[in-house]
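Q: turn this into a structure:
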Amino acid sequence: MPRKRPDVIRWLWYSLGGRLPERHHDWILHDATTGNWRWRHVARSTVMIAPLCAVWLLLPGPLPLRLSIVLMAALVAYFYSLAYMEESIEHRLAKHGFEPGTGRRVRAEATAIAEADVTERYLARYRDQPES
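A: Just a heads-up that it's a prediction; the model follows:
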């Protein structure tokens, strides 16, 4: 059965911390464990950070001050979002009914498979090479 990707409204809800229905569980696991899971996390963080930055940008005051507030707020928000990225992903998976540590385990298994493939290709290429 193919992964059921949520529509835009549900994805926004998911990005803000909401739960998705059971039919999206395969997609949630894919979202948290695919090769670009870090970029997906940054995209979800941006969904939370952007509206706040827009509000701060619209506050009255000199433009340089407003821009510096937005820059500092975004830097702090991204710092904490990235510092606790793995914990956040694990919490998101646990919220959707996965066992704690599922994301780490699945990513570690995928890394082990990829590394084994690289090692196998390396050995196949250089094992039978005559010494110079």
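
Q: where does this structure have low pLDDT?
A: Applying pLDDT under 70 to the chain flags the ranges 1, 128-132.

Q: what comes up buried for the longest helix seen in it?
A: With DSSP state H setting the assignment, residue counts place helix 102-126 as the longest helix in the chain. For helix 102-126, burial by neighbour count (16 or more other Cβ atoms under 10 Å) applies to T102, G103, V106, R107. To be clear about C-beta, it is placed using only N, CA and C from the backbone, and glycine gets the same treatment.

Q: which residues touch the third one?
A: If you count contacts by Cβ atoms under 8 Å, 6 or more residues apart in numbering, V106 has them with L29, A32, T33.

Q: could you do the second one as well?
A: Taking Cβ under 8 Å, 6+ apart as the criterion, G103 is in contact with L29, A32, T33, W37, E86, I89, E90, L93.

Q: quick check: the farthest pair among the buried residues of helix 102-126?
A: With Cβ to Cβ as the measure, no two of the buried residues of helix 102-126 lie farther apart than T102 and R107, at 9.5 Å.

Q: where's the residue nearest in space to the middle of the chain, which helix or strand?
A: What sits nearest the mean C-alpha location of the chain, by Cα atoms, centre = their mean, is H41, with 2.6 Å. Using DSSP states H and E, H41 sits within helix 37-58.

Q: show me what counts as buried in the helix or strand just after that helix.
A: For helix 37-58, the following helix or strand on the C-terminal side (DSSP H and E) is helix 63-83. Judged by neighbour count (16+ other Cβ under 10 Å), helix 63-83 contains these buried residues: R66, V70, A74, A77, S81.
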